[in-house]
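# Okay, predicted coordinates and the sequence, questions at the end:
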Amino acid sequence: MEIITSIIEAHVFRIVKGEMEFLLLKRAENIYLGGLWQMVTGRIEDSEKGFETAIREIKEETGLTPKNMWVAPNINSFYNHLSDTINMIPVFAIEVEPELIVTLSPEHSEFQWCSLHKTNKLLAWDGQKKSAKIIHDYFINKFNYLNLSKIL
């Protein structure tokens, strides 16, 4: 069994009137895991660092440009029985300007800006929900001891 890192998780958010809203994307029905709500995700290309993948995927999937970017103090993971691998997923918090317009790629059919409560209802996996809560706690509840490392 091998431990690999081949994908990233990027929680895009905006602050509107002091409230954090997460961007969730609904996967198109005609692709793997169609109909699933998720944050921006993507495969790391050979020459990329994880944070570079996050920036590229955000632009490709949403048309948005990051204003600020941090490494969230959480690593998501899952086991893939087909490849017999454990996948470790770096998590990023990405702030965008509130007035930016989302332009979806064909990979997704819908998007929503959601409160933490609604985000936790729509996301499928506990690790993703945990990441969203950590990011929310840091920015809204001022749990600065979480010590997010700023990239941009």
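Yep, that arrived.

# As a check, name the ranges of all strands in the protein.
Remark: strands of the chain, listed N- to C-terminal, are 2-4, 7-16, 19-27, 37-38, 40-43, 68-80, 85-95, 108-114, 149-150; assignment by DSSP state E.

# residues of the third one that come out buried?
Neighbour-count burial for strand 19-27, counted by 16 or more other Cβ atoms under 10 Å, picks out 20-27. In short, each C-beta sits where N, CA and C put it, glycine included.

# So which of the strands of the chain is nearest residue 55?
Taking Cβ to Cβ as the criterion, residue 55 comes closest to strand 68-80 out of those, the separation being 7.2 Å.

# residues of that closest one that come out buried?
Buried positions in strand 68-80, judged by neighbour count with 16+ other Cβ under 10 Å: 69-74, 76.

# Give the partner strands of that strand in its sheet and their orientations.
strand 85-95 (antiparallel), strand 149-150 (antiparallel) (DSSP bridges).

# Now do the longest one against strand 19-27, angle only.
If I follow you right, that is strand 85-95. Counting by axes from the mean of the first three to the mean of the last three Cα atoms, to 10 degrees, strand 85-95 lies at 130 degrees to strand 19-27.
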